[in-house]
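> return a 3D structure for these sequence lines:
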Amino acid sequence: MKAVALGRRNARPIIIGQTISQFGDYIAYVSLPLFVVELTGRGLDLGLTSAAESLPALLFGVTAGVLLDRTRIKRILIVADLVRAAAFGLLALGAASGAVSTWVVFLTAFLAGSMATFFDSGLQAILPHVVGPDELVQVNSTLSFAGTLAWSLGPAVGGLLVSQFGGFSVAFGFDAVTFLVSAAFLAVVRVRSYARPRREPFGAALKSGVRFLFANRHLRWATLGAAVINLVFAPLEALLFLLIPERLSGGVTVPGFLDFLFLDQAEVGLFLALQAGLGSIGVILAPRIAKRMHLGRMFLAGTGLMGIGFGAMASMHSFVAVLPAAVAVTGLGWTNVAVATMRQRIAPEAMLGRVVAASRTIAWALIPAGAVIGGSLADTVGLLPVYVVGAVIAVATTLLLALTPLWNDPIEALGGPPRSGGLPRPRLRPIAKVRRRLRR
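Numbers count the residues shown, from 1 in each chain. You can find the predicted model right below:
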């Protein structure tokens, strides 16, 4: 009972702190690329900014997992927040003085991405130690919904801040403050005691996390599938800042007093905000979806919706394209909830940091390449071909993954999550399909 009460008490500051922090993140999500567009206006530079932010996950991800299993995760999370607050605070000062070049933006994105590598893996790894196992789906879904809610408000506020209320310096400064708020809320979270893993040599610890990841069929296929989806999703997300004003602007009639929402950067922010706000309706349903279909099928449903949504969006020529864009956001939310919960349920407690970080590193490995290649192709052949090819690859990947255990074998059919260490024994033959609904 004490563990249940502690879990409920911890859930509140985590959710509130991350909601505020992600609100700031999505202000930066729109203001940083808009800043690059103002500086150069090149698709390649947008791709390089995205690559700089995601490259640290490839460089440091698995190493971060070993560190998370060896040290106090809560302390790492707070330090990561403080470093990001300092980075965006300095960028705000630079934007105010007008002495910022693209390399400063790339450096800020790289530093923020480095800290996010530790923070995001650490947050997933710490959750089983601060909330109960039966609450993981609900907490993960609430965090996903909070992120989508922040996505639905942050870009609109960011666009308005940039275009009419203070400019880039105010937007970057606001993001810095939200990191400080996140650190303050994390400081009050109480972590229950748990057994620390025995100290292995660093190389052996590194290999054990990767070995466990690939020995488990569900984690292996979910991670590899996420890597392919991220390869195409990275440029589709980054190039929205060019696609919206070029192809999706206008086409709707609004009262005159709302015209300011459709001016320049404000329209880009509004599109992204409505995309996330409408998509959050689907994200709210994530816990119910998880009860009706097991996590593997939920993952595949999400990847399919992303491809279909982005493909339909690119085929349209008005602001109404925000509707299929919202479908893509729903798919993104389902995918994130499913894969995060799979990692937390399957990985042994003593290896959770390593397994989460290894999975995230591999899943993010192709993002830098995808962002740069997609941005370069957009400058060469145009935006539409990049979106069409990306959507086709996403749908095709979903169909191929449907042939794997992600579709056929519920995690619960394997005997439950192997929480007490050790690698799973190799399976000599596939288990039978289970025709019962997922029950918790």
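
> gap between stretch 48-55 and the chain center?
Computed by Cα atoms, centre = their mean, to the nearest Å, the separation of stretch 48-55 from the middle of its chain amounts to 14 Å.

> give me the contact list for that stretch.
32-33, 36, 102, 105-107, 109-110, 112-113, 116, 234-235, 237-238, 364, 367-369, 371-372, 375 (Cβ atoms under 8 Å, 6 or more residues apart in numbering). No exception for glycine: its C-beta is placed from N, CA and C like everyone else's.

> now the buried members of those.
For the contacts of stretch 48-55, a burial check counting by 16 or more other Cβ atoms under 10 Å picks out 32-33, 36, 105-106, 109-110, 112-113, 116, 234-235, 237-238, 364, 367-369, 371-372, 375.

> next secondary structure after the helix or strand hosting residue 244?
In the assignment (DSSP states H and E), residue 244 maps to helix 240-247. On the C-terminal side of helix 240-247, the closest following helix or strand by DSSP H and E is helix 265-284.

> so what does the helix or strand following that next one touch, helix or strand wise?
Sequence order places helix 286-292 as the next helix or strand after helix 265-284, per DSSP H and E. Secondary-structure packing of helix 286-292 (3 or more Cβ pairs under 8 Å, 6 or more residues apart in numbering; DSSP states H and E): helix 136-163, helix 295-314, helix 322-346.

> give me the buried positions along helix 286-292.
So helix 286-292, judged by 16+ other Cβ under 10 Å, has buried residues 286-287, 289-290.

> okay if I get those residues as TSV plus pLDDT and distance to residue 154?
Below are the buried residues of helix 286-292 laid out as TSV (pLDDT from 0 to 100; distance: Cβ to Cβ, whole Å):
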residue	pLDDT	distance to residue 154
286	73	20
287	71	24
289	77	25
290	71	26
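
> report the two of the residues you listed separated the most.
Based on Cβ to Cβ, the longest span within those runs between 287 and 289 and measures 7.3 Å.

> in helices only, show me the contacts of stretch 48-55.
Of these, the ones assigned to helices by DSSP state H are 32-33, 36, 102, 105-107, 109-110, 112-113, 116, 234-235, 237-238, 364, 367-369, 371-372, 375.

> residues contacting the spatially most central residue of the chain?
Centroid-nearest residue in the chain: residue 336, 6.9 Å away (criterion: Cα atoms, centre = their mean). Applying Cβ under 8 Å, 6+ apart to residue 336 gives the contacts 144, 302.

> try 10 Å this time
140-141, 143-144, 147-148, 226, 283, 286, 299, 302 (Cβ atoms under 10 Å, 6 or more residues apart in numbering).

> sketch out the low-pLDDT regions of this structure for me.
1-8, 133-134, 148, 192-203, 250-265, 411-440 (pLDDT under 70).

> sorry, back to before: find residues that contact each of residue 287 and residue 289.
141, 337.

> re earlier: counting neighbours, which bits of the helix holding residue 244 end up buried?
Buried, per 16+ other Cβ under 10 Å, within helix 240-247: 240-245, 247.

> ok, stretch 77-85 next?
Residues of stretch 77-85 classed as buried by neighbour count (16+ other Cβ under 10 Å): 77-78, 80-81, 83-85.

> just the ones in helices from those residues, please.
77-78, 80-81, 83-85.

> return the member of the residues you listed nearest to residue 25.
Looking across those and measuring by Cβ to Cβ, the closest to residue 25 is residue 84, at 9.3 Å.

> residues contacting the closest one?
Each residue near residue 84 by Cβ under 10 Å, 6+ apart is listed here: 21, 24-25, 28, 108, 111-116, 119, 175-176, 178-180, 182-183.

> one more pass at 8 Å, please.
111-112, 115-116, 176, 179.

> what's the distance between it and residue 67?
Counting by Cβ to Cβ, to the nearest Å, the gap from residue 84 to residue 67 is 17 Å.

> with residue 328 instead?
From residue 328 to residue 67 the distance is 34 Å (Cβ to Cβ).

> so those two - more neighbours on which side?
A count of neighbours by other Cβ atoms under 10 Å puts residue 328 above the other of residue 328 and residue 67, at 26 against 19.

> so what's that one closest to, chain neighbours aside?
residue 309 (3.0 Å; Cβ to Cβ, 6 or more residues apart in numbering).

> in contact with the one you found, which residues?
Contacts of residue 309 (Cβ under 8 Å, 6+ apart): 324-331.

> just send those back as TSV, with distance to residue 349 too.
Below are the contacts of residue 309 laid out as TSV (distance: Cβ to Cβ, whole Å):
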residue	distance to residue 349
324	41
325	39
326	37
327	36
328	34
329	32
330	32
331	30
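
> among those residues, which one has the most neighbours?
residue 331 (28 neighbours).

> ok, now which ones touch it?
Per Cβ under 8 Å, 6+ apart, neighbours of residue 331: 282, 301-309.

> pretty sure residue 407 contacts residue 297?
Yes: if you go by Cβ atoms under 8 Å, residue 407 and residue 297 touch, sitting 5.9 Å apart.

> the two: who's more crowded?
Taking other Cβ under 10 Å, residue 407 and residue 297 do not tie; residue 297 has more neighbours (20 against 17).

> tell me how far the more buried one lies from residue 335.
Residue 297 is 12 Å from residue 335, by Cβ to Cβ.

> got it, and residue 97?
41 Å.

> more crowded one of those two?
Applying other Cβ under 10 Å to residue 97 and residue 335 shows that residue 335 carries more neighbours, namely 26 against 9.

> residues touching that one, list them.
The neighbours of residue 335, taking Cβ under 8 Å, 6+ apart as the test, are 226, 229, 299, 302-303, 306.
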